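# Coordinates for the following, if possible.
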Amino acid sequence: MQRKLTGDWKNKKYSFFFLAVILFWLKTYFAYQIEFKLGIDNSLQKFLLFINPVSSALLFFGLALLFRKKIQFTLITIINFILSFLLYANIVYYRFFNDFITIPVLMQTKTNAGQLGDSALSLMSFSDIFYFTDTILLAVLAVKAFGKFRDTGRRSFRLAMLFAVTVFLFNLGLAEKDRPQLLSRSFDRAYLVKYLGVNNFTIYDAVQNIKSSSQRALADSSDITEIENYRNANYSEPNPKYFGKAKGMNVVYISLESLQSFIIDYKLDGQEVTPFLNSLVKDPNTFYFGNVFHQTGQGKTSDAEFLMENSLYPMSQGAVFINKAQNTFHATPAILKGHGYTSAVFHGNYKTFWNRNVMYKALGYDKFFDAEYYTMKDEETKNYGMKDKPFFKESIPLLASLKQPFYTKFITLSNHFPFEMDEGDTVFPKGTTGNDVVDHYFQSANYMDEAIEQFFNDLKASGLYDNTMIVMYGDHYGISENHNKAMSQVMGEEITPFVNAQLQRVPVFIHVPGVKAEKVDKFGGQIDVRPTALHLLGIDTKDFLEFGSDLLSPNHHEVVGFRNGDFVSPEVTQVNEKCYDSATGELVDDEAICTEKAERIKTELEMSDEIVLKDLLRFYTPDDYTPIDPKDYEYIKTDGPVVDTQE
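All right, here's what the predicted structure looks like:
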């Protein structure tokens, strides 16, 4: 009897096809519920989340129906494995970044392959084999039942495609009812996944990337006019009290890996986590900006670099460093070259990581001191390269060799997820939340603080300190919202969406020896640091196409946009398109209060995207700016002493 039932099942025309569709559908829905935080607000969204895997499953598995039976079962199993792998890759990626993989991110993986292993492995668990159990089941059935399933024929392919399109249009229609203009005005990938599904999002993303490539080809100089007019209307003139106070000084930027502002002045068991940085907050020669927010997208550290040096927003998908390194930019190193500056980057990793050896040429960096210039001893490397203390120590002679005045950037690495320290690197205690990521964060942040203090001391010993402006910035968050339960213990409050938005503050310090500075409480973003620093150097940014606003200007704009279209400001904050009172964290009854600010951010994001995606700066040259040619730069280590390769 059992054999007869099994045989009848195998003889059903679409048995194997529908089994593959149903298993993948249910697995994807399970992942939505367990792995992703998509902000489901109503019953319609719950329904859409349930049905949205169906159309893409029908589409992709339906492709196998074009082939005859002997190939068909194999193809369905292979397609299931590919889709399962993509789903699982998104799960692992989301566990840290709270984001979804895009086509440009896949290109970044190709560029950065081999250097992401430790972080990725720490996010996996043995139970994750669940996400491939349907693939294993299909493979076993395909082998055991080979020749017993009936051939479906070409007509079945057309039916599968018809059902796929019908279900998708039904899905999209309901989604548009709940969120009008979903595909045209959403900057947030989470919305697209919530309404359309992870696979349909991948298709949408591929289309957007093709569209982006065509945009550059069709762009011309007229596209820049509206942006130029907007920039002129929103320019914040420098504060005469500070303009030019650092004129002629050397400049050192330090990227503080994963450092968030909550750690400043935080005490663990009565001990300051970052005592040296805390002392700089009170230092009379240091501008400390306590309400600056990171604005990075999928490019994380590279996005922060891009924001700092170009005062433009990062891309919504992927990273400028990977996808747009061939563009024309008016970056800080290139600007300062016209004022007699030599520029260099110091990074304890290899120059190809994040495509930096290509991107830095487009930004106008004269030199790139990568891992080839450092000893890279096993005991002095971890995660993504050299530990901070030996990195800074070995950098000082290289820094001193540069022609002055110089503009330089140091990229720290030690305070990186998952934050675990090697034995002997620190004696600072772990946190006690029970969450390893959060608990180790205190130790790695303390180690970074000690490394920064060491660098300041070495800079003084080298004789460079008194004539050097030092700009330090947290590049992006370190603790994602996946760890909110532990963070609620750290912060002593529930981490609501509003509180999580406030946690995106990153510390920014501008230390100018001999200049009386102040603590600045104005709201700002990383995009605002470039005009602030250039104005301190006595260089007016009014002719540059940028969206930042001088943090020291009396007319600074205090609306800080995030890459997904949300924003924070002193009055109101928008998170997931909900409007909150910034003082109380309570929802605002009249969401129209947020509308004007939201429209401003939407406009800036769209204009910045126009500049980046269409490469519009090739059509525009600011006054008193000499364009640079990336072909003039080459980062090749030579034997013997470091020499200046630029005329």
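
# The closest residue to Tyr341 other than its chain neighbours: neighbour count?
Distance criterion CB to CB, 6 or more residues apart in numbering; nearest residue to Tyr341, sequence neighbours excluded, is Tyr407 at 4.8 Å. No exception for glycine: its C-beta is placed from N, CA and C like everyone else's. Tyr407 has 28 neighbours, counted by other CB atoms under 10 Å.

# What residues does Tyr407 make contact with?
Residues in contact with Tyr407 (CB atoms under 8 Å, 6 or more residues apart in numbering) are 250-251, 253, 332-333, 336, 341-344.

# Considering these, which possesses the most neighbours?
Neighbour-wise, the contacts of Tyr407 (other CB under 10 Å) top out at Thr332, 28 neighbours.

# Three-state assignment for the nearest residue to it once chain neighbours are set aside, please.
Excluding its sequence neighbours, the residue lying closest to Thr332 (CB to CB, 6+ apart) is Glu309, at 4.6 Å. Following DSSP: H, G, I helix; E, B strand; the rest coil, we place Glu309 in the helix state.

# give the contact list for Glu309.
329, 331-333, 363, 530.

# what ranges of the stretch 501-647 of the chain fall below the confidence cut-off?
The stretch 501-647 of the chain contains residues with pLDDT under 70 at 639-647.

# where exactly do the helices run in it?
Assigned helices in the stretch 501-647 of the chain, in chain order: 529-536, 592-613 (criterion: DSSP state H, counting those that start in this stretch).

# where does Gly434 land in three-state SS?
Using three-state DSSP, the structure places Gly434 in coil.

# phi, psi of it?
With angles defined as degrees, to the nearest 10, Gly434 sits at phi 90, psi 0.

# How about the contacts made by it?
Contacts of Gly434 by CB under 8 Å, 6+ apart are Ala486.

# cool, Val165 as well?
Contacts for Val165 (CB under 8 Å, 6+ apart) come out as Ser55.

# Am I right that it is in a helix?
Yes. Val165: assigned to a helix according to three-state DSSP.

# which parts of stretch 132-140 are buried?
By 16 or more other CB atoms under 10 Å, the buried positions in stretch 132-140 come out as 132, 134-135, 138-139.

# Can I get that stretch in CSV? Just the C-alpha atoms.
What follows is stretch 132-140, C-alpha atoms only, in CSV (Å, rounded to 0.1, in the frame of the first residue of the first chain):
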residue,chain,number,x,y,z
PHE,A,132,20.0,23.5,3.0
THR,A,133,17.9,20.5,4.2
ASP,A,134,15.4,21.0,1.4
THR,A,135,18.3,20.9,-1.1
ILE,A,136,19.5,17.6,0.4
LEU,A,137,16.0,16.2,0.3
LEU,A,138,15.5,17.1,-3.3
ALA,A,139,18.9,15.7,-4.3
VAL,A,140,18.0,12.3,-2.6
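
# circling back to that earlier point, just the buried residues of stretch 132-140 now: which is nearest Phe16?
Phe16 lies nearest to Leu138 out of those, by CB to CB, at 7.7 Å.

# What residues does that closest one make contact with?
Leu138 is in contact with 16, 19-20, 23, 76-77, 80, counting by CB under 8 Å, 6+ apart.

# Just the buried subset of these, written out for PyMOL, thanks.
The buried residues among these can be selected in PyMOL (16+ other CB under 10 Å) with this line:
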select buried, resi 16+19+20+23+76+77+80
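
# Dump the contacts of Leu138 into JSON lines; add pLDDT and distance to Asn209 as well.
Below are the contacts of Leu138 laid out as JSON lines (pLDDT from 0 to 100; distance: CB to CB, whole Å):
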{"residue": "Phe16", "pLDDT": "85", "distance to Asn209": "33"}
{"residue": "Leu19", "pLDDT": "92", "distance to Asn209": "33"}
{"residue": "Ala20", "pLDDT": "94", "distance to Asn209": "28"}
{"residue": "Leu23", "pLDDT": "96", "distance to Asn209": "30"}
{"residue": "Ile76", "pLDDT": "92", "distance to Asn209": "28"}
{"residue": "Thr77", "pLDDT": "93", "distance to Asn209": "29"}
{"residue": "Asn80", "pLDDT": "95", "distance to Asn209": "25"}
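
# Among the contacts of Leu138, which lie within helices?
Under the assignment DSSP state H, the contacts of Leu138 contribute 16, 19-20, 23, 76-77, 80 to helices.

# ok, of those, which one's closest to Thr352?
Closest to Thr352, out of all of the ones in helices among the contacts of Leu138 and judged by CB to CB, is Asn80, at 34.4 Å.

# what's near enough to touch that closest one?
When contacts are counted by CB under 8 Å, 6+ apart, Asn80 touches 20, 23-24, 61, 134-135, 138.
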